[in-house]
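[1] mind folding the following:
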Amino acid sequence: MLPGHLTTTTTTTGGFHMQDANASARALADRYWEELLGLEPLIGTMIGDERFDDRLPDPSEEGLAHRADVHRSALSELEAFDRSGLGETERTTLATMEAIARRDLATVDHRLDRFGAVNHFFGPGQLLADLGSLQRAATPEGVERYLERLRRIPRFLDETGRVAEDGARVGQTMPGLVVDRTIGQVERLIAMSPAETPGVAPIPEADAAGRERAVEVLRDEVWPAYQRYLEVLRSYRPLATDTIGRYALPNGDAIYAAEILGFTTLVLDPKEVHEIGVRDLAGIQEERMAIATALGFPDPERAEAAHTASGKNLAATREELVELVRGQVQRSWDAARRWFGRVPTENCEVREIEPFREKDMAGAFYQPGTGDGGRKGIYFVNCYDLPNRPLHHIATMTYHEANPGHHFQISIEQEFTDRPALRRFGGIFAGSSFAEGWGLYSERLADEMGLFLDEYERMGMLEAQAWRACRLIVDTGIHALQWDRDRSIAQMVAGGVPPVDAAIEVDRYIAMPGQALAYKIGQFEIEKWRAAAAAKQGDAFSLPAFHDRLLELGSLPLPALQAEMA
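    The predicted structure follows:
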């Protein structure tokens, strides 16, 4: 039972009953939100709630048991709660709460923490980079909170190492290539001087004394803990799996099903998803061929090769790539008001992915702002290996990650300040299918908006669509159909993904099963809702109004969004 057990009142007057029920629903959601931030204090930092800036998650067995208790209690409260007659905000808030509780409880029941303990995409090797971009320590109190958080890293790493060792004892290990990537990431981190790492970034440069204190904690406490974690990884390596799919693990099919549910919020058959991907890819390839033919080439590959050979399709320097991206962000921002009734209060910031982690990262990603104006959303772009980053791909990433993609989706949702915090920010916990579906939908929308400057950029958009269709094929191929890494990379390259990205992407699917399915599954749902609304409303249909309504509802589980958009 959550603290302060709440039920709806039995007031007989309908209006008062609804008001009391809505108030009770909000109070229940608020209490659950506080529990969530206690479990995931980095999320508090992400959204600007500084109360949790001195804490880290508890990966210990005791922490895991507490996590399970929180979610089971939430589900028990929800089962007893009469949701009939609730207002839209309250109804959707409790739907989000239920999805989060079921999703996270499944991660506990299937011990997915054992896979997160050794992971180069979201594991401990990323922690300082996350803190460097998320946390602000501009006041004496903020510095003390941050230093306390740094002091907690050794216990966090030691407990995470124990989780990895426990998984190895029962055959729940990550593939060897993921372990190797994780080892390399940690080795690169601790080879750096602490003063040169993101670990000092939260403290302003002007606070030299504060930065020196952070360097001391990193050098004397955190670096030795990373060394201990590194030794765990090296001992773990001989126990890592030779296969790359979940199918090979004890209870692997159920583990993969839990991961699919967690990311898509839907119960899906991997083999059916695989076939959906095959059909979608075939249609996209027809579109690509039509553009190549119009440009005078026999196939898309030769069209792209000629464009790259012209010297116009590569950035010569990191600075050139970043400036190109900034121009795309501004152009999409300027065009948006014809397609949206509501736009975010602020545009996003553009940054390079830091060199120490760029080699293992995707081409770009978005980090949300705080929602209170304290820190803007940040669009990170990867400047690694520029000769293998064709520029005609970059615009699509920008419109997916920044405008009108994730920056619009997340920022607008955060601006509904009258909603319970769980409703404003709960999408961070509630599965990524709407968020990633919106990003992928935004790529197609950018084409409608005229944001692509030539047919090569349009071809880049179609390659990105093919890329995500390949994700449906490859993720399920790896984890349900026993594909190996070479076959998976070959499928991605055949779908138009540059080789440097194909290898990184496949390693991502290996490390994060099910996450790659969220994109196309979410996109298909949004396109279905748009078509249904246009058919139902006829000449009265307004695309800006459709977008506003969808983004107003925000990152709900897909079944809840379906119910509200119907």
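
[2] find the nearest non-adjacent residue to the most centrally placed residue in the chain, please.
    Nearest to the mean C-alpha position of the chain, counting by Cα atoms, centre = their mean, stands residue 432 at 6.4 Å. In space, and not counting its chain neighbours, residue 432 is closest to residue 518: 4.5 Å by Cβ to Cβ, 6 or more residues apart in numbering. For every residue, glycine as well, the C-beta is placed using N, CA and C.

[3] for the one you found, which three-state class applies?
    helix (DSSP: H, G, I helix; E, B strand; the rest coil).

[4] any idea how far the residue nearest to residue 276 when sequence neighbours are not counted lies from residue 271?
    Nearest residue to residue 276, sequence neighbours excluded (Cβ to Cβ, 6+ apart): residue 472, at 6.0 Å. Here residue 472 is placed at a distance of 11 Å from residue 271 (Cβ to Cβ, to the nearest Å).

[5] ok, those two, which is more surrounded?
    residue 472 (25 against 11; other Cβ atoms under 10 Å).

[6] surely that one forms part of a helix?
    Yes. Under three-state DSSP, residue 472 falls within a helix.

[7] got the contact list for it?
    Residues in contact with residue 472 (Cβ atoms under 8 Å, 6 or more residues apart in numbering) are 273-274, 276-277, 280, 516-517, 520-521.

[8] and the strand or helix carrying residue 75, how far out from the chain middle?
    Residue 75 is located in helix 61-80, with elements delineated by DSSP states H and E. Centroid separation for helix 61-80 versus its chain: 24 Å, with Cα atoms, centre = their mean, to the nearest Å.

[9] stretch 401-420 too?
    Using Cα atoms, centre = their mean, the offset of stretch 401-420 from its chain centre is 14 Å.

[10] quick one: low-confidence residue ranges for the stretch 201-350 of the chain.
    Counting by pLDDT under 70, the stretch 201-350 of the chain contains no low-confidence residues.

[11] tell me where it has helices.
    Taking DSSP state H, counting those that start in this stretch as the test, the helices found in the stretch 201-350 of the chain are 208-217, 223-236, 252-264, 270-294, 300-309, 318-335.

[12] neighbours around residue 188, how many?
    Neighbours around residue 188, by other Cβ under 10 Å: 15.

[13] not counting sequence-adjacent ones, nearest residue to it?
    According to Cβ to Cβ, 6+ apart, the nearest residue to residue 188 is residue 356 (5.3 Å).

[14] before we move on, the earlier item: can you select the buried ones among the contacts of residue 472 for me in ChimeraX?
    To isolate the buried subset of those in ChimeraX, counting by 16 or more other Cβ atoms under 10 Å, use the following:
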select :273,274,276,277,280,516,517,520,521
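
[15] now the contacts of residue 472 in CSV, with distance to residue 311?
    Shown next, in CSV, are the contacts of residue 472 (distance: Cβ to Cβ, whole Å):
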residue, distance to residue 311
273, 40
274, 40
276, 39
277, 35
280, 34
516, 33
517, 38
520, 34
521, 39
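
[16] so which of the contacts of residue 472 comes closest to residue 387?
    residue 516 (25.9 Å; Cβ to Cβ).

[17] contact partners for the closest one?
    By Cβ under 8 Å, 6+ apart, the residues touching residue 516 are 468, 471-472, 474-475, 505, 508-509.

[18] the closest residue to it other than its chain neighbours and residue 354: what is the separation?
    The shortest distance from residue 516 to any residue other than its chain neighbours is 3.8 Å, reached at residue 471 (Cβ to Cβ, 6+ apart). Distance of residue 471 to residue 354, computed by Cβ to Cβ: 26 Å.

[19] circling back to that earlier point, would you turn the helices of the stretch 201-350 of the chain into CSV with distance to residue 20?
    Formatted as CSV, these follow (distance: least, Cβ to Cβ, whole Å):
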stretch, distance to residue 20
helix 208-217, 48
helix 223-236, 50
helix 252-264, 34
helix 270-294, 43
helix 300-309, 61
helix 318-335, 43
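
[20] sorry, back to before: for the contacts of residue 472, which one is nearest residue 494?
    residue 277 (12.8 Å).

[21] so what's that closest one closest to, chain neighbours aside?
    Excluding the flanking residues, the one nearest residue 277 by Cβ to Cβ, 6+ apart is residue 472, at 2.8 Å.

[22] for residue 223, same thing?
    Sequence neighbours aside, residue 190 is the residue nearest to residue 223 in space, at 5.4 Å (criterion: Cβ to Cβ, 6+ apart).

[23] could you do residue 460 as well?
    residue 392 (4.0 Å).

[24] equivalent analysis for residue 315, please.
    residue 321 (4.0 Å).

[25] and what of residue 88?
    Nearest to residue 88 is residue 564, by Cβ to Cβ, 6+ apart, at 7.2 Å.

[26] and the helix or strand hosting the one you found, what's buried?
    Using DSSP H and E, residue 564 falls within helix 558-565. Within helix 558-565, the residues scored as buried using 16+ other Cβ under 10 Å are 558, 560-561, 564-565.

[27] re earlier: OK, contacts around the residue nearest to residue 432?
    Residue 518 neighbours (Cβ under 8 Å, 6+ apart): 263-264, 431-433, 435-437.

[28] max-length helix in the chain?
    helix 140-169 (DSSP state H).

[29] now stretch 145-156, how far from the centre of its chain.
    That offset, for stretch 145-156, works out to 24 Å (Cα atoms, centre = their mean).

[30] contact partners of that stretch?
    50, 53-57, 59, 124, 127, 131, 135, 137, 199, 202-203, 213-214, 217-218, 221-222, 224-225.

[31] the residue nearest to residue 315 and residue 357: what is the separation?
    Distance from residue 321 to residue 357, by Cβ to Cβ: 17 Å.

[32] those strands in the chain, which residues are they?
    Ranges of strands in the chain, per DSSP state E, are 349-352, 364-367, 378-381.

[33] would you turn those strands into CSV with mean neighbour count?
    Formatted as CSV, the strands of the chain follow (neighbours: other Cβ atoms under 10 Å):
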stretch, mean neighbour count
strand 349-352, 17
strand 364-367, 19
strand 378-381, 24
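
[34] so for residue 164, which of the ones you listed sits nearest?
    strand 364-367 (25.0 Å).

[35] strand partners of the closest one, parallel vs antiparallel please.
    strand 378-381 (antiparallel) (DSSP bridges).

[36] contacts only, for residue 96.
    Listed by Cβ under 8 Å, 6+ apart, the contact set of residue 96 reads 422-423, 426-427, 430, 555-557, 560.

[37] tally of neighbours for the residue nearest to residue 527 when sequence neighbours are not counted?
    The shortest distance from residue 527 to any non-neighbouring residue, by Cβ to Cβ, 6+ apart, is to residue 441 (6.7 Å). Residue 441 is flanked by 25 other residues according to other Cβ under 10 Å.

[38] swap in residue 141?
    Using other Cβ under 10 Å, residue 141 has 12 other residues around it.

[39] on that earlier part again, same list, the contacts of residue 96, but as TSV with distance to residue 29 please.
    Converted to TSV, the contacts of residue 96 look like this (distance: Cβ to Cβ, whole Å):
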residue	distance to residue 29
422	4
423	7
426	8
427	14
430	12
555	15
556	13
557	15
560	14
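
[40] so which bits of stretch 288-295 are buried?
    288-289, 291-292, 295.

[41] how about stretch 332-340?
    For stretch 332-340, a neighbour-count test (16+ other Cβ under 10 Å) marks 332-333, 335-336, 339-340 as buried.
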